[in-house]
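Asks: What would the 3D arrangement of this be:
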Amino acid sequence: MRNLNLFFFKIFEIIYVKNHNIKNSRVLIFFLFLNSFQLTAQSEENSANNNFIPNITVAPPQVAAMAKVGEIPIDIATGRMNYNIPIFEIKEGNFSMPINLSYNYSGLILDEVPGYAGVGWTFNIGGSILHSINGLDDTHREYQKEWVYNYINKLPPYDDPVSPSGLTRITNYLANISNGVFDGEPDKYIVNAGNLNCSFYLDKDNNAIFLNNEKYKVSGYSHTGFTITDSQGVNYIFNIPLDVTKSSGLDSYDYISSFLLTEINFPTTTNKILFEYENDSKIYNDIQINETLVQFSTEYTIQNSEIIKNKTFSGTFTSKLKKITTNNYTIELQFNNNPTDLSIAVISNLTVKDNSKKTVRNYDFTYSPWVGKRTNLLNVKYNGVITNEMEYDMSIPYPVTVPEKDYAKKDLWGYYNAKGTPAKTGITTPQDNPEIKPDFDSTKIGALKKITYQTKGYSLIEYEPNNVYMERSEYNFPYDSDGTVTSYVNAGTMARDNLNIDEETFSIDVSSTVKLSYNFTNHTQYAPMMDRDGNEISIYQDSNLIFNKKLTWLWEQRWIPSSLIISDTKELYLRTPGTYRIKAFSVMGASAGLTITLKKTDKYFNQTVGGIRVKQIKNCDFNGECITTVYNYSQEGKSTGILLQSPQFYSGYHIQDNDCTPKVYVRRDFYNYTSIYPLSNFRGSPVLYKRVEKTDFGKDKDKLVSNGKTIFNYSGNSRIANSIYDLESQYETGLLTLKEIKNNQNNKIKSENNNYKVSPIPNNTKFLYFLNCKIVRERRVNISGPGGISGSGCAPIYPRPLIDFQIFPYKYQPKNYVLRDEKHTNYYKDSLTQTIVYDYNLEGQINSRKNVNSNQETFETKYFYPQDPEMVSEPFAKDLKAANIIGTPLVTQNFKNLVKLSEQKTSYEKNVSTNNLLLPKYIYANKGTGNINISTDKKIIFDQYDDKGNILQYTPENGSPISIIWGYGQTQPIAKIENALYSDLSGYVSNLQTKSDITAGTEIEREANLIAALNALRTALPNAMVTTYTYKPLIGVSTITDPKGFITTYTYDSFGRLETVKDNLGNILSEN
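Replies: As a prediction, the model looks like this:
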């Protein structure tokens, strides 16, 4: 027995009891520790509008909130608040599904509807798959993915672009893609359920393709639901569809917006977790409005423009989670409904009940009064006592908006801007739209500013606007930059003087567009009834006249022109840097004025963008003693923030070219007033801060002093791309590349360097194919039928030329995005370094971990999984692979300087002894360079399991059998009997399990009766060593009686935290 600590599987007889302060106490009882490694066809004119106007995807509020769960890491690269309140943890063996509240607020987003916990919070409970449509809904169009595959790979019938018939077939297909008749892009499915956070697409064969090559399996269909199996073989079943009806203009259609999680089941037990929803679904109605500027031009000039206001109406079914049922408890939920919209609600109570329906844990959630669709979580109560109390920045109340009226009250990134206005009629370009600029006071409405804890300690949070460092040439926001300085140059004359001249100069250092405002005024009181001839304003570069305007008033018993003041404003593009001269000239009785508005922008500057970041957090105890953590997102005055997606407003063009009689040529250019690409794809943030300094300040004799700093460096690059065609960057962005810890003298103490790699999968046959296509030209010519009679008219050219289309084909291969190596350095006297190098198998799992220390000694661990070629002959390896139980190695080998030190191996079975569950049967281990010998290296035999996957009997090497009786609904071990077969206990098991499960009587009586029965077992087995246990269900162990009959008692407070430990005589051994 003393050598078992060397083995991969270890048998422990440890009762580990620990008080986790504010957190719930846990009593962890380990009998077995698996040291596993887990790491319809329309006119082309209307089609053009649809092609260039953004599409809207709608999801139920809670599903939309949970879709951001994967966007909430513990990471300061976005500068956002990351605060978590644990509520409960659903456990089943090694499986864990935490229920918690997470706060990750980046500012008030106008169109966002809060989920189950109010503004800024996500209530992480249950699960869903969000269906995000690309192109058209894939449902019932799955067969069209084969056409995309054939087109991109130039396979029949799209392999002949030369012959008229072949070209016609290709262009007809492209026209149908452009006109929204055929689908060219696979939809995206975003999964969130506990620790399962991923995204996948379905290929032409209905295979799920994960962008990051996840080790998951997906079965099911887009119209019925999906089952996702993780790498431990756990099945998540999503089969309740929520429908949405969407309409825009004359188009209306239904699709499935999401699937709700209904069940989780396991390969190693018959236990299940079931999710139940309310039957009376509500419909969440929403209106999304966007504006598009369309410019009309001929071959020679822009003629006019119009603003298209596109409204998208949607009605989305919602269904509230009502109950979660496990083998030994239920979780029940109650809601606080929005009084004006019953589809919006927040969880007001969560109750955990044991199988006797006794409430074990009770959580209440208090909210502020509803303001429109918004409310704030004010406090959390556990068993009637407030544990967390929150205050928010409500210096400005939440706006109550009307979509038809207030849809434009947002900045470029979608955050609320009280100053926002719709596009003005007559505007000619969306590039001049200052109302879309961020407004910090509006954005920070509702931000969490104070948290008070049960201990009466508190945290104060202060925010500031996001910003990035930009170069002048890359700036394309539709308003002046923060690096722009506006100056004015004026030249003007007086009316009472004859031949007035005024001149001024200005300089530019780069090509610039300047604003030119001029006016001519006829002052009739001077030189009445005399012509004013030759008034003029001019702009020169050197001696070159580049702008000139002249005006003359003639007196013919009336003034011609009749207007006495004539003015105008124009924009003038000055291509050549240098000095310019402006000149105003007027005659007696007239004045002339010219003003140049000159905006000069620094070559580099810090630019405010949407959203807020944490500036500092002050954490104080109940006495008001505080530590202030300050976050610095700049270096030498330059923001380290970069935009991961620059806004793009131009969405394309369409030309109608009719070479008929009469000839018609109309070009339409489309500009959106918001970016055509998402601007906040990185964890919901528009910004990545590549370097952040975190400094802690405390007090020393009333002076604020630094306690040292931690410097974080992250990977990422600015890009301009549509997210569909930039699938890789999200996995290469925001990775920690360097972490440095410095003391208060700014001396380096520790550092961590990380390097990453992207590796394609060899011999991979699974690809994603995207085909986006737009018709950009429609050309018609005169045709005539036989004799010039039948079939005459103006008709399209066939076969249609390919230049009529903009074609965007894209092929994506899933890859492994992994950590290649990490280097840890401790700077103390001689620097100590540790370098860890990882190697991976084709599934992206670590198959080798090398640790090289400062002495250049190399320690390596190799891992072999069921799907690896080396494991093909292992028992039930194929079954493990088929069940997707591939996350735990079957074999682990340890080396030092390439010499093998030891090996451990697990062998599985599926027979009567394992209750026909696929479970470990044998553990083998050895030392030295030799291979495992299954005859001599067998260390543990798992003799018997129950139908829940619990070990009933195991036998260690050269030892006696050890049996375990499981009670409390077969969830907890209540007796461990050494030197006894489980079959010897058959007369006692049923009675003990019944007494542990019984719900009649008081808790004290039930426990006393169970202890008496356990003591009777001990007495009946004099040749065995019997250790027994009783529990407070869902709280922890209450008593442990050792083989000598000595009892240790554990008591807990109302929060379920360990309070005292008493020995057999009632003496207090420990107290918290």
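
Asks: what residue ranges in the stretch 501-650 of the chain score low on pLDDT?
Replies: Along the stretch 501-650 of the chain, segments meeting pLDDT under 70 are nowhere present.

Asks: can you give me the helices in the chain?
Replies: 44-52, 61-66, 144-152, 164-178, 403-406, 440-443, 729-732, 877-882, 986-997, 1003-1020 (DSSP state H).

Asks: which outside residues touch the last one?
Replies: With contacts defined as Cβ atoms under 8 Å, 6 or more residues apart in numbering, helix 1003-1020 is touched by 967, 974-975, 977, 985, 988, 991-992, 995-996, 998-1001, 1026, 1028, 1030, 1032, 1038-1039, 1041, 1043, 1045, 1047. C-beta coordinates here come from the backbone N, C-alpha and C atoms, glycine included.

Asks: May I have that helix as PDB, with CA atoms only?
Replies: C-alpha atoms of helix 1003-1020 as PDB (Å, rounded to 0.1, in the frame of the first residue of the first chain):
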ATOM      1  CA  GLU A1003     -32.700  15.200  11.200                       C
ATOM      2  CA  ILE A1004     -31.200  14.300  14.500                       C
ATOM      3  CA  GLU A1005     -33.300  11.200  14.800                       C
ATOM      4  CA  ARG A1006     -32.500  10.100  11.200                       C
ATOM      5  CA  GLU A1007     -28.800  10.500  11.800                       C
ATOM      6  CA  ALA A1008     -28.900   8.600  15.100                       C
ATOM      7  CA  ASN A1009     -30.700   5.700  13.500                       C
ATOM      8  CA  LEU A1010     -28.200   5.500  10.700                       C
ATOM      9  CA  ILE A1011     -25.200   5.700  13.000                       C
ATOM     10  CA  ALA A1012     -26.800   2.800  15.100                       C
ATOM     11  CA  ALA A1013     -27.200   0.700  12.000                       C
ATOM     12  CA  LEU A1014     -23.600   1.500  10.900                       C
ATOM     13  CA  ASN A1015     -22.300   0.500  14.300                       C
ATOM     14  CA  ALA A1016     -24.200  -2.800  14.000                       C
ATOM     15  CA  LEU A1017     -22.400  -3.400  10.800                       C
ATOM     16  CA  ARG A1018     -19.000  -2.800  12.500                       C
ATOM     17  CA  THR A1019     -19.900  -5.200  15.300                       C
ATOM     18  CA  ALA A1020     -21.000  -7.900  12.800                       C
END
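
Asks: Domain-wise, how is this protein divided?
Replies: As assigned by automatic domain parsing, the chain contains the domains 44-479+607-812, 484-601, 961-1072.

Asks: Export these to a markdown table and append columns for mean neighbour count and distance to residue 948.
Replies: A markdown table is the format used below for the domains of the chain (neighbours: other Cβ atoms under 10 Å; distance: least, Cβ to Cβ, whole Å):
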| stretch | mean neighbour count | distance to residue 948 |
| --- | --- | --- |
| domain 44-479+607-812 | 18 | 5 |
| domain 484-601 | 16 | 69 |
| domain 961-1072 | 17 | 5 |
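
Asks: okay, these in CSV with distance to residue 839 next?
Replies: Below are the domains of the chain laid out as CSV (distance: least, Cβ to Cβ, whole Å):
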stretch, distance to residue 839
domain 44-479+607-812, 10
domain 484-601, 49
domain 961-1072, 38
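
Asks: For stretch 850-866, buried residues please.
Replies: Neighbour counts using 16 or more other Cβ atoms under 10 Å place 850, 852, 860-866 of stretch 850-866 among the buried residues.

Asks: so which of those comes closest to residue 744?
Replies: residue 852 (31.8 Å; Cβ to Cβ).

Asks: doesn't residue 824 make contact with the closest one?
Replies: No - taking contacts as Cβ atoms under 8 Å, residue 852 lies outside contact range of residue 824: 10.9 Å.

Asks: quick one: common contacting residues for these two?
Replies: 834-836.

Asks: and those residues, which are buried?
Replies: By neighbour count, with 16+ other Cβ under 10 Å, these hold 835-836 as buried.

Asks: Can you tell me which of the shared contacts of residue 852 and residue 824 end up in strands?
Replies: Among the shared contacts of residue 852 and residue 824, DSSP state E puts 834-836 in strands.

Asks: can those go into CSV with extra columns for distance to residue 761 and pLDDT?
Replies: Listed next are those as CSV, based on distance: Cβ to Cβ, whole Å; pLDDT from 0 to 100:
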residue, distance to residue 761, pLDDT
834, 30, 94
835, 26, 96
836, 24, 96
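
Asks: Please name the nearest non-neighbouring residue to residue 755.
Replies: Leaving aside its sequence neighbours, residue 755 sits nearest to residue 820 (Cβ to Cβ, 6 or more residues apart in numbering; 4.7 Å).

Asks: separation between that neighbour and residue 520?
Replies: Look at residue 820 and residue 520: by Cβ to Cβ, to the nearest Å, they are 71 Å apart.

Asks: now for the domains of the chain, which one comes closest to residue 903?
Replies: In terms of Cβ to Cβ, the element of the domains of the chain nearest to residue 903 is domain 44-479+607-812, at 22.9 Å.

Asks: where in the chain is pLDDT low?
Replies: In the chain, residues with pLDDT under 70: 1-75, 424-429, 701-702, 719-727, 785-792.

Asks: Show the contacting residues for the residue nearest to residue 755.
Replies: Contacts for residue 820 (Cβ under 8 Å, 6+ apart) come out as 755-757, 837-838.
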